[in-house]
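**Q** below is the structure, and that's it, no one-letter string:
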Ligand code: SAM
Ligand code: SF4
Ligand code: SF4
């Protein structure tokens, strides 16, 4: 087992396959244009698959494909198929905004994808238009339904809750999930990456979300400990389950087994860390699997990251990065690093 300095194992790996996106969510990509990663710098599917195999050999047997919007990357089922052929990888999941999911759900499932999470913050198309500059609400709903019909082990919804945007939709999102038999996970607004408009008063806390749900739905019973998973899970009296990811007010760094590889091959051991380990350069310079594994294990062995917990201790907390700092290094962006 590969452990970091705080005794946390290397457990799950997020692969960002593109930094591009067909939405502009206000908490992630509030601007129209960005400094994009140059195309030749993007890891190929062969490089991603090779790295995934090396990480799995070190214990990271859970892979989540993300981005940017991962379905913008050409022929994603091909990558899924490569990963699925590795017996050392036992769980392959995808996080997507759902716009392109309707026609991709069946090929992704056929290629071996196990689980899908679709991000959906609002049931009101006009809000999506205003907040995320997208007129594709109906396509997202069609994508969710296609995923449900395609036989994945789980389909979940992620909803970031922000005061002034969608805090009045917690109940309707729960009802939407219940009607489709899928679990909704409510996420606190985080000050990461491109969240350059973040202010503490826009954060709807875990406590506030729970109070809202219990007011309308009755008591929410906490389900047994979540282990290394970011979501705390609850069950309502009618059996409806939901999750809360309280990264801002109740962070869970103590059990964090997650790390992320940017689409151009830099490995970050925390969502908040400023520097990462470049894996693309050694891969393209001919490093062997063993050399790469040693470099990865050594880097993880030095890991002391507790980004969200450290942010919690900051008095007068404001945005993490200015727009200028993000332009200086686009790998600071959530959409580059992979949410
Ligand atoms: N484009 C895909 C999507 O939206 O599902 C995958 C990448 S996105 C960066 C992954 C997740 O990060 C999404 O569920 C999104 O809501 C979440 N996210 C992005 N910025 C966030 C922020 N500032 N606070 C909380 N969650 C955020
Ligand atoms: Fe795109 Fe996902 Fe970021 Fe929204 S959260 S802008 S869909 S990468
Ligand atoms: Fe893990 Fe960093 Fe997030 Fe904490 S802030 S849970 S260490 S990725």
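**A** Everything's here; your move. This one's a predicted model, so the numbers in the text were calculated from it and none came from an experiment. Ligands and ions are numbered 1, 2, ... in the order given.
**Q** thinking residue 110 is in contact with residue 80, fair?
**A** No. Residue 110 lies out of contact with residue 80 (CB atoms under 8 Å); the separation is 9.1 Å. C-betas here are computed from N, CA, C, even on glycine.
**Q** show me which of the two is the more surrounded one.
**A** Higher neighbour count among residue 110 and residue 80: residue 80, with 24 against 14, using other CB atoms under 10 Å.
**Q** for the more buried one, give me its contacts.
**A** 65, 92, 94, 108, 111-113 (CB atoms under 8 Å, 6 or more residues apart in numbering).
**Q** among the residues you listed, which one sits closest to residue 120?
**A** Ranked by distance to residue 120 (CB to CB), the contacts of residue 80 are led by residue 94 at 14.4 Å.
**Q** what pLDDT does that closest one get?
**A** You'll see residue 94 listed with a pLDDT of 98.
**Q** and what of residue 85?
**A** 98.
**Q** any idea how far residue 174 is from it?
**A** Distance, residue 85 to residue 174, by CB to CB, to the nearest Å: 38 Å.
**Q** ditto for residue 114
**A** 24 Å.
**Q** how about the strands in the stretch 151-300 of the chain?
**A** Along the stretch 151-300 of the chain, the stretches classed as strands by DSSP state E, counting those that start in this stretch are 154-161, 183-188, 220-222, 232-236, 241-245, 258-261, 266-268, 277-278.
**Q** repeat for the stretch 1-150 of the chain
**A** Under DSSP E, counting those that start in this stretch, the stretch 1-150 of the chain gives strands at 12-16, 62-66, 91-96, 115-119.
**Q** the contacts of residue 80, buried ones only, as a ChimeraX selection?
**A** Selecting only the buried entries of these in ChimeraX, with 16 or more other CB atoms under 10 Å as the criterion:
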select :65,92,94,108,111,112,113
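**Q** now, which of the contacts of residue 80 lie close to ligand 1?
**A** The subset of those within reach of ligand 1, by CB under 6 Å from any ligand atom, is empty.
**Q** and residue 333, what does it touch?
**A** Listed by CB under 8 Å, 6+ apart, the contact partners of residue 333 are 19, 29, 34, 193-194, 326.
**Q** so which of those are in helices?
**A** For the contacts of residue 333, membership in helices holds for residue 326, with DSSP state H as the criterion.
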